[in-house]
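[1] Sequence first, predicted coordinates after that:
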There are 2 protein chains.
Amino acid sequence: MSFLRGSENYVWCTTSVLGKGATGAVFQGVNKNNGEPVAVKTFNQLSHMRPHDVQMREFEVLKKVKHENIVKLLAIEEEQEGRGKVIVMELCTGGSLFNILDDPENTYGLQEHEFLLVLEHLTAGMKHLRDNNLVHRDLKPGNIMKYINEDGTTTYKLTDFGAARELQEEEQFVSLYGTEEYLHPDMYERAVLRKPVGKSFGATVDLWSIGVTLYHVATGQLPFRPYGGRRNKETMFYITTKKASGVIAGTQTTENGPIDWARDLPSHCQLSVGLRKLVTPLLAGLLEVDPHRIWTFEKFFSEVQITTSTTPVHVFHVNKAASIKVFLKPDEKYEHLQTYICEQTSVVAESQILLYKDQLMQTVVDDNTLGKEYPETTAEEPLILFNKNNNNVSMAPEPDVPKFPVFPNIVSVENDASQAKTACSVGHVIKRRVEALCAASVLCGACVARWTALLGARLARVAARAQQLLQHAHLAHTAARALDLAPGAGAGAGESWAAVAGLVAAEAGSLRAAAAALLQRHAAPALRAEFDAAARLAPCPSELRLHVKAKTLVDRLRDSWQHLVRDRATRSLTYNDEQFHVLERITVAETARRARALLQRAAPLARARADAIADWYKVAQTVYLQTQILDKDVSSAELKLLTLAARIQDAEHSLRHQLSEQAVVNSSKADTGGENTREAGGNGQRSTGAGAVGARGAGLRALLAAHGDLAATVRAHSATLAHLADLAAQLQP
Amino acid sequence: MSFLRGSENYVWCTTSVLGKGATGAVFQGVNKNNGEPVAVKTFNQLSHMRPHDVQMREFEVLKKVKHENIVKLLAIEEEQEGRGKVIVMELCTGGSLFNILDDPENTYGLQEHEFLLVLEHLTAGMKHLRDNNLVHRDLKPGNIMKYINEDGTTTYKLTDFGAARELQEEEQFVSLYGTEEYLHPDMYERAVLRKPVGKSFGATVDLWSIGVTLYHVATGQLPFRPYGGRRNKETMFYITTKKASGVIAGTQTTENGPIDWARDLPSHCQLSVGLRKLVTPLLAGLLEVDPHRIWTFEKFFSEVQITTSTTPVHVFHVNKAASIKVFLKPDEKYEHLQTYICEQTSVVAESQILLYKDQLMQTVVDDNTLGKEYPETTAEEPLILFNKNNNNVSMAPEPDVPKFPVFPNIVSVENDASQAKTACSVGHVIKRRVEALCAASVLCGACVARWTALLGARLARVAARAQQLLQHAHLAHTAARALDLAPGAGAGAGESWAAVAGLVAAEAGSLRAAAAALLQRHAAPALRAEFDAAARLAPCPSELRLHVKAKTLVDRLRDSWQHLVRDRATRSLTYNDEQFHVLERITVAETARRARALLQRAAPLARARADAIADWYKVAQTVYLQTQILDKDVSSAELKLLTLAARIQDAEHSLRHQLSEQAVVNSSKADTGGENTREAGGNGQRSTGAGAVGARGAGLRALLAAHGDLAATVRAHSATLAHLADLAAQLQP
């Protein structure tokens, strides 16, 4: 008997089953012309007993849909030897979401980025169906395939249109299809409980199935779980129909016991707190039995559209050494960011200092920058959040990690495989926890480096400003003394200009000294050293590669699990195989012990690094405050200096005016004596001077304007005066 | 019959063979107590017929060695049922170097970093043997194991001490062991050609084997290859003994044909040109048959020590859009870096502009920084090399890629597997080439970004200097006009001080205008735009993820190869299997076609990006030169200004001196009239002024000194004058 089957262009082997259903099976096949792998759906006898138009419906639906989030139809061909039509589709090598959720890696739901992909792709596929007036009627994880593109990216695609049909606008269908856990309560009542209900079902029943599917994808478990599972159909119906609006899960944990209702996702779910805030209302909107409150397709599409177009902002909260994530909608702004951060960290907006790379976040975005224009952040390169008014650092207590199962003494090929699978689930939880601890430790180091760089730059800047202030004060002092040379040009109250300028120069001098001292004591390397000294006692778990070790241990657990799964498939083991089966149980137990030990090693190391930050943080905060005070003092001295400069300017102006009047007087008596010749020469010079008065006023305006220009150009300024210094050095004796 | 074997603490299955040799086999086993996998070496009947002391030797050697680069002995136990002793060792899950070199990925030798690991670890293991007076005598890729550590890192380890023995210093052994291709010619002569040679063999014969092994690891092929291979023993002996010093390979490609001698590694080898320069002399030193020229162990260890302690410096040569690598020895300096770069790029030291991240490399290291202190560079983050005197950009012509094999029409399970393997080898070459093209394209973008940032910063800096020059010139002008107010204080040659200062201010003004114009025309975004416009026409092959696509295609080729290898193992195929075998051949051909097409798509895209750089480069170079000229002009104007400032200072000083002498004269006639009261008041003021003269001199010195200080602090300076500008704005009417 041959396992080989074929059609005109395709060939497949009946041993390569991808899936089986009531009406047929799907096999992996190959295109005879180019060797491309494909999926081939064949139909069995039962399916051929359906009415002809029902049989044709799947083909017609498939021909009608064409979208990257729907599995592509490649051909409909006749199987050889008259076995009927087959559907040839692109092969989704990632398997179905059902298989993916069944993997112990996903026991507690998919990772956030994968969940978001499913949400986006599933919705886009659904929208295409809706745009073509089609209902799927059997949405569930098993009918959502993972296609791995040639460029390594993932696309989720809807498949199995065996239950789908066309629907005219507002038409309601009465046929019954679907997979019971994912079925809308009304359909469940009729199809599963077999009660004749007078209701017809709108296309929106697909929405309920999407809700159950998304809950399953987000958490790894079904939302409505009666005690005893599928067989407890009455309780299932009770849970889904009696649940209040906003409730997204109902669980019965004892026979005939009460239902635990939940309005939030369970804590073990892998989604960030930020994303849960967006997803929970979505689930509540979909899992809504009340026809008056139920979401429309349009509402669903637009809400998902908003969720998937948010900009995720990764934030490392230093005071907790914890990573959080907030989601900015496209038109939200800085104030929203601050609010969301406050929601998750309790750090009020006024106390938030946010660093993006080596800069304050506020130099990168302003109050009106839209969320969609925000720079990209990642888990590895997040914003760093400091609390201006709190320098305590303490990590949250270690979250509970589920316990590894213990193998019973009696060997059972059936039970051992599932025990090993549970061990893998726990192993994955531990691995993720160790990874999080390693990441937090790395970010502790990064936050020291960045904050130190920023503080160093601020400190250098205020020191440079103080230096420049002193330089300008010296220049003013020079001008003041020149002015004192002129007769009758006192600064008022019997003071010389030089004395007034001297005071300002002295203040500038002391500010410069203070800045220099602060800079010397707390330059970037010194600040880093504070942390390095404390961190030296606690090696970084990431540098010890504990996260890679965790992965190695989990891979080992998975190998053992696979071994035990193969043993289970064999059913009865030979003596040899049984020996190795027992050894594999030992390996699982030993590997589990080591994984637990690894976590117990990583957690205190990560805590020690958070403690190392705490010491450094206190010093850094002090420097930050001192720099801020110095900054204000320099600003106020600058104001004094500018006022003085203006007064000197005025005095020079009026003196010049006085002299030029005197020159006119002298000029009128020019003939009276030779004694005045020198004066006249002076006068000639002074008329140049008089011309210069106007130029002088312009000069002052230019000088003042220059401050403005300078502020603009100087932003990108550095190392400007190295040449000047060289030249000055050459000029000095 | 049971396949299960065991000893006190270990159990293994005779179906899990890791390797087989003349005297026994190695199996994968398990520790009964903790499930840890191990390697178990058992001995066969033949081995037990050897003299007892020879049998014991391996155990003794193993007990003596203890080093991380030698496979660890876990236990020597008695096998159950009196089958004799077994050696239990740690399991090296990466297999042997023989297996690794056999993989089509390594047909042309290992990647550079892996080669360096082998070199370092092999040498460290050898050193440990040498330190313990042991010779291995059977060094070859099959006896070098890859151990994958729990933290994911790799350690290579020597194994199989079946041929090893202890050797007293300078003792020479006469026994004969080893694997013929790796055997020293003298030993080859005796053992393979079975000629009685009067020679005894020093422990240095291990060095020859290391040389052959390293050549094999570096190139994927043996260095000495007579036509017909192993069976052509006389030619083999001829090649190895007649080769000249410095020759590292000899190949005979036709029967009785001439030998192609080579002193360099073949071009297909994956090592960088920089590393080849270090490795070639090493190989020449090891593959030396002349006893007078042969390297000592000590020479070998120290040379490897130098090679493995070099700092690799990755450089992206913009003019060729090509990545190169040079190796700095620990005590080499900048001049060596320049020389090495010149060797590979022909860019002479004076023309090299090297960028490290956004800075000139010379701001990160100085001429005396030692190689071992150089900052880390990677292939992704290399130094970027511009040629100051050449702005042409042209990629080297596409290197030859071997052709994919074509399956003959006749299906042959034997031949098809090896054809598929060759296809995989070619696929890997194409994949690496596409990766290199993608990497080069990404680096083209990076070099634009970095160079633009640097140019922008330089431009801003010269503009800020010009601005500051103008500001200082205005202040000097103010002082000059104040001086002109005093009687008899001309600047000489009938000129007023204000006129002289005015000229300087005018020059400063025009420089500032030139800088502002340059800045406006070529600010960073404008410079980027030049590249972006050209690049828009050529999408980056990396953004198109062509490198990932190449990987997908190679993975597909490997899957097909594995399928055909399984078919070969089956020997006779069923009808079904044969159909799929044929389809797999079609898949290989189709995948090969697509891989070739991918490379043909990637190469022109990468070239287009290199061309896009060329246009931008010309503009950038012009801006660079204009900035440099402006910089010099500003420096010379600064010199003029400082000279003027000094002259004003002197004039003020002498004027003050004059006035103070006049005051003494006035003071001596103080009693002669009331008219002098006001003068006396003036005098009081002037004596304050006289005190100020000293202070003034000090002030000038402080001012000049301040230029020096300023140059230092200003290096980290930015946005300093924003406040001052605000205050100035407030003061303006």
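    All right, it came through fine.
[2] Quick check: which element contains A:Glu298?
    Using DSSP states H and E, A:Glu298 sits within helix A:297-308.
[3] Now do the next helix or strand after that helix: which elements does it pack against?
    Next in sequence after helix A:297-308, counting helices and strands by DSSP H and E, comes strand A:311-317. On a contact count with 3 or more CB pairs under 8 Å, 6 or more residues apart in numbering or on different chains; DSSP states H and E, strand A:311-317 meets strand A:322-328, helix A:334-345, strand A:383-387, helix A:413-485. In this view, the C-beta of every residue, glycine as well, is placed from N, C-alpha and C.
[4] Mean neighbour count, mean pLDDT and distance to A:Trp208 for those - can I get that in CSV?
    Rendered in CSV, the data for the helices and strands packed on strand A:311-317 read as follows (neighbours: other CB atoms under 10 Å in any protein chain shown; pLDDT from 0 to 100; distance: least, CB to CB, whole Å):
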stretch, mean neighbour count, mean pLDDT, distance to A:Trp208
strand A:322-328, 21, 95, 25
helix A:334-345, 18, 96, 30
strand A:383-387, 23, 94, 38
helix A:413-485, 23, 88, 28
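[5] is chain B contacted by stretch A:426-437?
    No: Stretch A:426-437 stays out of contact with chain B when judged by CB under 8 Å from any CB of the partner chain, the minimum separation being 12.1 Å.
[6] ok now that stretch, how far from the chain's centre?
    How far stretch A:426-437 lies from its chain's middle: 19 Å, per CA atoms, centre = their mean, to the nearest Å.
[7] which residues are in contact with it?
    Residues from elsewhere that reach stretch A:426-437 (CB atoms under 8 Å, 6 or more residues apart in numbering or on different chains): A:104-105, A:107-108, A:270, A:323, A:399, A:401-405, A:541, A:546-547, A:549-551, A:553-554, A:557-558, A:591-592, A:595-596, A:598-599, A:602-603, A:605-606.
[8] Give me the buried subset of the residues you listed.
    Neighbour counting by 16 or more other CB atoms under 10 Å in any protein chain shown classes A:104-105, A:107-108, A:270, A:323, A:404-405, A:541, A:546-547, A:549-551, A:553-554, A:557-558, A:591-592, A:595-596, A:598-599, A:602-603, A:605-606 among those as buried.
[9] Select from these every entry located in strands.
    A:Ser323 (DSSP state E).
[10] of the buried ones among the contacts of stretch A:426-437, list those near chain B.
    A:546, A:549, A:551, A:553, A:591.
[11] picking that back up, CA-only coordinates of the helix holding A:Glu298, as PDB, when you get a sec.
    Extracted C-alpha coordinates of helix A:297-308, given in PDB (Å, rounded to 0.1, in the frame of the first residue of the first chain):
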ATOM      1  CA  PHE A 297     -17.100  45.300  14.500                       C
ATOM      2  CA  GLU A 298     -16.300  48.900  13.700                       C
ATOM      3  CA  LYS A 299     -15.800  49.700  17.400                       C
ATOM      4  CA  PHE A 300     -13.500  46.600  17.700                       C
ATOM      5  CA  PHE A 301     -11.500  47.500  14.600                       C
ATOM      6  CA  SER A 302     -11.000  51.100  15.700                       C
ATOM      7  CA  GLU A 303     -10.000  50.100  19.300                       C
ATOM      8  CA  VAL A 304      -7.500  47.600  18.100                       C
ATOM      9  CA  GLN A 305      -6.200  50.200  15.600                       C
ATOM     10  CA  ILE A 306      -5.600  52.500  18.500                       C
ATOM     11  CA  THR A 307      -3.900  49.800  20.600                       C
ATOM     12  CA  THR A 308      -1.600  48.700  17.800                       C
END
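[12] returning to what we had before: which of the ones next to chain B among the buried ones among the contacts of stretch A:426-437 lies closest to chain B?
    A:Lys549 (5.0 Å; CB to the nearest CB).
[13] so the closest one touches B:Thr153, yeah?
    No: with contact defined as CB atoms under 8 Å, A:Lys549 does not reach B:Thr153; the gap is 10.7 Å.
[14] which pair in the ones next to chain B among the buried ones among the contacts of stretch A:426-437 spans the largest distance?
    Farthest pair in those (CB to CB) is A:Leu546 and A:Thr591. Separation: 15.3 Å.
[15] Could you pull up the residues touching the residue in the stretch 551-700 of chain A that chain B sits nearest to?
    With CB to the nearest CB, the shortest gap between the stretch 551-700 of chain A and chain B falls at A:Thr587, namely 2.8 Å. Shown in contact with A:Thr587 (CB under 8 Å, 6+ apart): A:556, A:560, B:30, B:34-36.
[16] any weak-confidence spans in chain A?
    A:1-2, A:162-179, A:190-203, A:485-494, A:524, A:659, A:662-733 (pLDDT under 70).
[17] biggest strand in it by residues?
    strand A:10-20.
[18] so does that strand get close to chain B?
    Yes: judged by CB under 8 Å from any CB, strand A:10-20 and chain B are in contact via A:11, A:13.
[19] What pairs with that strand, parallel or antiparallel?
    strand A:4-6 (antiparallel), strand A:24-31 (antiparallel) (DSSP bridges).
[20] any idea how chain A splits into domains?
    Per the record, chain A has its domains at A:4-90, A:97-306, A:316-387, A:414-666, A:681-714, by automatic domain parsing.
[21] Would you reformat those domains as TSV and include distance to B:Ser96?
    Shown next, in TSV, are those (distance: least, CB to CB, whole Å):
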stretch	distance to B:Ser96
domain A:4-90	33
domain A:97-306	31
domain A:316-387	36
domain A:414-666	21
domain A:681-714	64
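[22] List just the nearest of the contacts of A:Thr587 to A:Gln471.
    The nearest one, if we look at the contacts of A:Thr587 relative to A:Gln471 and count by CB to CB, is A:Arg556, at 67.5 Å.
[23] what sits against that closest one?
    A:587, A:591.
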